[in-house]
Structures are given as structure tokens and as C-alpha cells.
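Asks: What shape does this take:
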Amino acid sequence: MADTKWNVTHLPDLAGRTAVITGANSGLGLMTAEALARSGAHVVFAVRDLARGGAAAAKVGGSTEVRRLDLADLDSVREFADAWDRPLDLLINNAGVMMLPEQRTRQGFEMQFGTNHLGHFALTNLLLPHVTDRVVTVSSGLHRGGDGVIHFEDVNLRGRYTPTRAYAQSKLANLLFTLELQRRLTESGSPVRALAAHPGYAATNLQSHHASPVARAAMAVANRVFAQSDRAGALPTLYAASQDLPGASYVGPSGLGEMRGGPTLVGRSAAASDPAAARRLWTLSEELTGVEWQLKPGGRA
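Replies: Residues are numbered from 1 along each chain as shown. This is a model prediction of the structure:
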């Protein structure tokens with residue numbers, strides 16, 4: 001059932017809890033960081049640009065710190081994880097890139113799949129021995145777009161890249177990752193939960209990077225006329241991060257087409273609910289990143 005009146009004032013007291021938020025220096029990540037910090041959490045801004053991250057953290061107030069993380073570089077992901085040495089209550093995989101011209105990560109992966117999925121896959125697995133509560137990964141209603149499948153034969157989409165196809169594949173991967181992560185957590189006996197969320201249509205700076213100038217112009221107009229604010233768009237993430245929800249839950253806006261509205265549990269495509277595809281993606285992701293499952297039975301590393 002939709003909780004249309006739920007907002008940041010309903011967050012519990014988070015004093016003593018630590019949250020890592022990727023891409024916390026702007027947009028949804030910044031709004032999420034602000035709300036968690038105001039509720040008492042110690043918030044770690046995991047960002048590519050330390051100067052921008054520091055400026056954003058200073059505006060948020062509360063207990064914060066800034067650490068460098070470039071999800072498009074697996075070496076940076078490993079450095080971030082290697083430096084982590086304390087319990088982590090909440091990992092929010094928020095950062096992402098959207099509908100870029102064709103590019104590659106430092107390790108040669110298609111940029112959207114490499115950043116949105118593989119970077120977060122590696123980060124989560126490497127940090128998982130420290131996580132005590134939950135992992136929330138930000139997906140998108142556009143996981144239903146593109147071809148609606150993971151192109152397992154070539155996730156880098158060589159020779160058939162389009163910005164929309166690549167973005168949709170990466171967001172579908174976020175949901176399949178959450179599904180398989182929860183299955184593995186349950187199987188290992190871990191109390192940690194994996195959840196996903198999407199913001200609906202929220203006005204952020206992501207839309208300004210579309211490969212097409214025409215699409216960028218259209219999105220700029222839509223941001224002003226139709227979109228909800230980034231503050232409202234962060235509510236599903238905050239709901240997933242703080243409420244007592246089942247593992248593998250997916251939270252989004254309650255309004256028409258899940259474009260805006262209060263946070264509620266939402267559905268996903270059949271492809272995003274396929275356990276066989278989720279396992280296959282996990283195996284492929286381990287092969288591509290060189291990062292494997294960290295937990296043993298009993299939820300121990």
C-alpha cells in the first residue's frame with residue numbers, strides 16, 4: 001500500500017549509524033545524504049571529485065566525511081573498500097550515468113553497464129563483510145526499456161550501442177543484482193537485506209548528459225514541467241533504507257506510471273524477476289570484475 005504522506009520527517013533516529021552513499025555530491029544522492037545526516041547518521045560521501053564532495057558535505061551539515069570513489073575504475077573501487085575498517089550499517093548504491101555517448105570504463109567496459117552495475121557489484125561484495133543492515137541499489141523504471149534483456153553474449157554492446165539500450169540494460173542489471181544478492185544473503189544466514197528503489201521522473205543533472213542534443217533539450221523542458229524534485233525523488237531510496245521491508249523489495253513512487261508520488265512497493269518486469277538470469281549475471285559479473293562472493297554460511301566473511 002502506498003504511503004503517500006511518508007516523508008523525511010518520518011525517518012527514525014539514526015544516531016550511531018553509518019551510511020555510505022555513492023554519488024552523494026549532487027541530485028538524488030545529495031538529497032539522500034542530507035536527510036540521513038539530519039536524522040543523525042554519519043554519512044560518507046563516496047564521490048569521484050573530492051572538492052565537489054567536500055563542498056556538498058559542508059552544505060549538508062551533521063556528521064559527514066568524504067572519500068574518493070570512481071565506479072568506472074575497479075582499482076578505485078578496491079582502494080575504497082580496502083580502506084574501510086569499521087561496521088557499515090547502510091550502503092546506498094546511488095551513483096549512475098545515463099544515456100551517454102558510447103564510452104568505456106578504465107577496464108574497457110561499456111560505461112553505463114560498467115559504472116551503474118559492475119562498479120556497484122564490486123563495491124558491494126568487497127564491503128559486504130562490514131555491512132550490518134542493508135544494501136539499497138537505485139534502479140529505474142526504464143529497466144523495462146531498451147531490449148528488456150541482459151545481452152549476455154556481449155554486455156558491452158559492441159556494434160549495436162545506443163544510449164537507451166545501454167542504460168536500460170544497466171538498470172535491469174541493478175534489479176537482477178538485488179535479487180541474487182538477497183538470495184545469497186538468505187542462503188548464507190546473513191541478516192543483511194538487499195533492496196532496490198527508483199525515483200520516478202525526478203529532475204536531476206543526469207538528464208543533461210544524454211548523447212542527443214535534441215533529447216537533452218526535451219528533457220530540460222520536461223524537468224521544468226513534469227518532473228518532481230530531486231528531494232521528492234529521493235524518498236523511495238530513503239524509504240527502502242529505513243523501513244521494515246522484505247529483502248529484494250523494490251520501492252518507487254505511487255503515482256500514475258510510477259512517475260511521482262509517495263513511496264510504495266512497486267512491480268518490475270518479468271526479466272527483472274528471473275532468478276536464472278540473476279544467477280547468470282552474478283557469475284558473469286564475478287568473471288568481469290574479479291570480485292567474488294565474500295560471505296560463508298552463517299553470514300561470516
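Asks: hey, let's count contacts and neighbours off CA atoms from now on
Replies: Will do.
Asks: give the contact list for residue 234.
Replies: Contact analysis of residue 234 by CA atoms under 8 Å, 6 or more residues apart in numbering lists 28-29, 31-32, 199.
Asks: what do you get if the cut-off is 7 Å, keeping everything else the same?
Replies: 28, 31-32, 199 (CA atoms under 7 Å, 6 or more residues apart in numbering).
Asks: separation between it and residue 117?
Replies: As judged by CA to CA, to the nearest Å, residue 234 and residue 117 stand 19 Å apart.
Asks: How about residue 70?
Replies: 13 Å.
Asks: Looking at these two, which is more packed in?
Replies: Ranked by neighbour count (other CA atoms under 10 Å), residue 70 and residue 117 place residue 117 first, with 28 against 23.
Asks: Looking at per-residue confidence, what score does that one get?
Replies: Predicted confidence (pLDDT) for residue 117: 98.
Asks: From what I see, it and residue 174 are in contact.
Replies: Yes - assessed by CA atoms under 7 Å, residue 117 is found in contact with residue 174 at 5.9 Å.
Asks: give me the element residue 194 is part of.
Replies: strand 193-197 (DSSP states H and E).
Asks: Which elements pack onto the strand ranked longest in the chain?
Replies: Once the chain is assigned using DSSP state E, the strand that runs over the most residues is strand 131-138. Applying 3 or more CA pairs under 7 Å, 6 or more residues apart in numbering; DSSP states H and E, we find strand 131-138 packed against strand 88-93, strand 193-197.
Asks: Tell me the helix or strand right after the longest one.
Replies: Downstream of strand 88-93, the next assigned helix or strand under DSSP H and E is helix 111-112.
Asks: Can you pull out the residues in contact with that following helix?
Replies: With CA under 7 Å, 6+ apart as the criterion, helix 111-112 contacts 97-98, 103-105, 166-167, 170.
Asks: which is the next helix or strand following that helix?
Replies: helix 120-127.
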